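**Q** here are the coordinates; sequence isn't available:
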């Protein structure tokens, strides 16, 4: 019973740090789907690209990232939001000594014909900038097709830690992300994000259900990966969190296609989950447009101020 309680607590905290979930599209996992050769081909292709990117990171291959990353790349690093230029410095392995790495439990979900997300458990033995890297994390990389090639459009990872031993990053309260962008795309996706958060605050499973895609993946602030829709809905609409209010700031939408966009935000919550404060997070939500409706379709939460990517 305690294990179930803590699993719910993790999911609630991660959501209470932002809402991030779901892989809307071609079942939960293209990689795990044996019924579609096209899905398996995509999983193999993206899995190979992911392995190549980690090999480039380990070897310090700075040239690799110029063609691997989308020009619109967005992600999270220790100092906040990353664009392509900043990501190249972070991901190229400069100042890192990597002894070994291992990617397991890969799961690919195709969001649109030209966008997919790959998640995996990441084990690393190494240091960057003289600091020991987290031995295990859960990573999400979003891939989009540009000029006929799959490019990395987003990457972030959440360290796998015991929530009872987690330490709030020292910069957690400092980074604001600047003002929320005023463009139409940001305002549209932010309105959907606000609706999902509001439904979570009210523990309203029916409202949450109506806002999300068909299948769910979710990586929380403690590196926990939830792979099914029922588990996520149960966690987010159940008991455990007493939330009075929330604030979503620094929102920015990065649009990769008319039907696919990535919303990055900084979120804070006034409330507690199982007696613990909910710390500020850097949140990412993927939105897919079906007809006239934008659906919240995948996400990952990272503790604000924590190293990522």
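**A** Cool, got the structure. Note that this is a predicted model, so its numbers are computed, not measured. Numbering: from 1, shown residues only.

**Q** isn't residue 52 up against residue 61?
**A** No. Taking Cβ atoms under 8 Å as the definition, residue 52 is not a contact partner of residue 61, at 9.3 Å. The C-beta positions use only the backbone N, C-alpha and C, and glycine is treated the same way.

**Q** how far is stretch 289-303 from where the chain is centred?
**A** Relative to the centre of its chain, stretch 289-303 is centred 11 Å away, using Cα atoms, centre = their mean, to the nearest Å.

**Q** mean confidence score for it?
**A** Averaging pLDDT along stretch 289-303 gives 92.

**Q** which parts of that stretch are buried?
**A** Within stretch 289-303, the residues scored as buried using 16 or more other Cβ atoms under 10 Å are 289, 294-303.

**Q** same question for stretch 214-232.
**A** Buried residues in stretch 214-232, counted by 16+ other Cβ under 10 Å: 215-227, 229, 232.

**Q** from the buried residues of stretch 289-303, which two are the most distant?
**A** Using Cβ to Cβ, those span at most 29.9 Å, a distance reached by 289 and 303.

**Q** which ones among the buried residues of stretch 214-232 map onto helices?
**A** Judged by DSSP state H, the buried residues of stretch 214-232 include 229, 232 as members of helices.

**Q** ok, back up a step: between the buried residues of stretch 289-303, which sits nearest residue 191?
**A** Distances from residue 191 to the buried residues of stretch 289-303, taken by Cβ to Cβ, are shortest for residue 294, at 8.7 Å.

**Q** tally of neighbours for residue 249?
**A** 14 (other Cβ atoms under 10 Å).

**Q** who's it bridged to?
**A** Beta-bridge partners for residue 249, by DSSP bridges, are residue 266.

**Q** how about the closest residue to residue 84 other than its chain neighbours, phi and psi?
**A** In space, and not counting its chain neighbours, residue 84 is closest to residue 73: 4.2 Å by Cβ to Cβ, 6 or more residues apart in numbering. Main-chain dihedrals, residue 73, degrees, to the nearest 10: phi -50, psi 140.

**Q** who's in contact with residue 73?
**A** Contact partners of residue 73, counting by Cβ atoms under 8 Å, 6 or more residues apart in numbering, are 82-84, 87, 151-154.

**Q** list the ones among those that fall in helices.
**A** 84, 87.

**Q** farthest-separated two in the contacts of residue 73?
**A** Pairwise distances across the contacts of residue 73 peak at 15.0 Å for 82 and 151 (criterion: Cβ to Cβ).

**Q** between these two, who's got more neighbours?
**A** Neighbours of residue 82 and residue 151, each counted by other Cβ under 10 Å, are more numerous for residue 82; the result is 25 against 20.

**Q** does that one really touch residue 75, like I thought?
**A** Yes. Counting by Cβ under 8 Å, residue 82 touches residue 75, with 4.4 Å between them.

**Q** what about residue 193, which helix or strand?
**A** Assigned by DSSP states H and E, residue 193 falls within helix 184-201.

**Q** how about that helix: buried residues?
**A** Buried residues in helix 184-201, counted by 16+ other Cβ under 10 Å: 185-186, 188-190, 192-193, 195-197, 199-201.

**Q** switch the residues you listed over to JSON lines; also include distance to residue 67 and pLDDT.
**A** Converted to JSON lines, the buried residues of helix 184-201 look like this (distance: Cβ to Cβ, whole Å; pLDDT from 0 to 100):
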{"residue": "185", "distance to residue 67": "26", "pLDDT": "98"}
{"residue": "186", "distance to residue 67": "28", "pLDDT": "98"}
{"residue": "188", "distance to residue 67": "31", "pLDDT": "98"}
{"residue": "189", "distance to residue 67": "28", "pLDDT": "98"}
{"residue": "190", "distance to residue 67": "32", "pLDDT": "98"}
{"residue": "192", "distance to residue 67": "33", "pLDDT": "97"}
{"residue": "193", "distance to residue 67": "32", "pLDDT": "96"}
{"residue": "195", "distance to residue 67": "38", "pLDDT": "96"}
{"residue": "196", "distance to residue 67": "35", "pLDDT": "92"}
{"residue": "197", "distance to residue 67": "37", "pLDDT": "92"}
{"residue": "199", "distance to residue 67": "41", "pLDDT": "91"}
{"residue": "200", "distance to residue 67": "39", "pLDDT": "89"}
{"residue": "201", "distance to residue 67": "43", "pLDDT": "91"}
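
**Q** from these, which is closest to residue 211?
**A** Distance to residue 211 across the buried residues of helix 184-201 (Cβ to Cβ) is lowest for residue 196, with 5.0 Å.
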